[in-house]
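Undergrad: pasting the structure only:
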């Protein structure tokens, strides 16, 4: 029987999870990313906005798309959106779910998934930073 294969486009949160789950299901997975890998983050990330942050094929962390009345800022690099979300993992407070959510969605119902994400990303609390602002 032929090996089942999948191609995942992008290494952001969605692509990374999809690739992981497909591999766990026994598929041979190829992941494609148009952006570069930023080794040694955060020190390896671009430091000047004009010269190094905007996307082009050789460099750039942010890709700005202007589509009609919508402006989109997306990451262009290995890790996708996690590169520009500052590695923050917050749990929504219980009161967020008080109204406007479908039945069954609550902090209590989502906590096991928050825990799974925390485990898979090996998150750690920020206690200090080189600039002194946690």
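TA: The structure has been received and is ready for your questions. Note that this is a predicted model, so its numbers are computed, not measured.

Undergrad: And the residue positioned nearest the centre of the chain, its phi and psi?
TA: In the chain, the centroid-proximal residue (C-alpha atoms, centre = their mean) is residue 82; its distance is 3.1 Å. Residue 82 adopts backbone torsions of phi -60, psi -20, taken as degrees, to the nearest 10.

Undergrad: Please name the residues that touch it.
TA: 12, 13, 75 (C-beta atoms under 8 Å, 6 or more residues apart in numbering). Any C-beta I mention is one placed from the backbone N, CA and C, and that applies to glycine too.

Undergrad: so of these, which ones are in helices?
TA: If you go by DSSP state H, those have residue 13 in helices.

Undergrad: Could you give the average pLDDT over stretch 118-131?
TA: For stretch 118-131, the mean per-residue pLDDT is 77.

Undergrad: Please state the offset of that stretch from the chain centre?
TA: Relative to its parent chain, stretch 118-131 has a centroid offset of 15 Å by C-alpha atoms, centre = their mean, to the nearest Å.

Undergrad: Now it: buried residues?
TA: By 16 or more other C-beta atoms under 10 Å, stretch 118-131 has no buried positions at all.
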